[in-house]
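Q: structure for the following, please:
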Amino acid sequence: MNLAADLANRRPADVTELADRCRAAGVAPDGPVTPRDLARTGEVLDAWEKVVDASDEEERAGLLNRMLAAAAAYPRMTNHAGAGWHLHYRDEGQPLGDVLHALISVGTALHLAGRGMHRLRRCEVSECATIFADTTRTGRRRYCSHRCANRDAVRRHRARTASSD
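A: Have a look, this model is predicted:
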């Protein structure tokens, strides 16, 4: 979820940046990263942002189900490169753009199914469109950062004091 939000909030400018950011997030490309991977990642992020911006749970689930169907590969246990056993939801040798499609789709589905369908959103500050996954205990997070929460609190305070004058 964090990689998806990071890539969506600040789209990679080129294949080198895409590869570097994926590696930093623990997603090692199996082969060279190509312009096709960059374009495919953009398509996946466009579809994922529609999931983020869905108006209700049914629409969100429908959009995410379409992403999952397009990324379908049977889950399998793997211990590639001695990194420890973990699940892969992709076929071996897939290009990075397709790998990201599977990871983002499955990761989003697991997050929403496990934590709640409302736990993926954009910041509530009107001039901020940052996407975030709510991983708080209460599930009531409204802002992408403390900075935006504070900015909105100051704005509300100023509006209250201006209206009481």
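Q: who does the helix-or-strand element of the chain with minimal mean pLDDT touch, helix- and strand-wise?
A: The least trusted helix or strand in the chain, going by mean pLDDT, DSSP states H and E, turns out to be strand 86-88, with a mean of 84. Using 3 or more Cβ pairs under 8 Å, 6 or more residues apart in numbering; DSSP states H and E as the contact criterion, the elements in contact with strand 86-88 are strand 76-78. Placement of C-beta: from N, CA and C, glycine included.
Q: circling back: continuing past the least confident helix or strand of the chain, what's the next helix or strand?
A: Using DSSP states H and E, the helix or strand that follows strand 86-88 towards the C-terminus is helix 96-115.
Q: which positions in the least confident helix or strand of the chain come out as buried?
A: Applying a neighbour-count criterion of 16 or more other Cβ atoms under 10 Å, one finds residue 88 buried in strand 86-88.
Q: sheet partners, orientation included, of that strand?
A: Neighbouring strands of strand 86-88 in its sheet, by DSSP bridges, are strand 76-78 (antiparallel).
Q: contact partners of the partner strand?
A: The contact list for strand 76-78, computed with Cβ atoms under 8 Å, 6 or more residues apart in numbering, reads 85-88.
Q: and it, average pLDDT?
A: Mean per-residue pLDDT for strand 76-78: 87.
Q: tell me how far residue 151 lies from residue 163.
A: Spatial separation of residue 151 from residue 163 under the definition Cβ to Cβ, to the nearest Å is 19 Å.
Q: again with residue 15
A: Remark: distance between residue 15 and residue 163 (Cβ to Cβ) = 52 Å.
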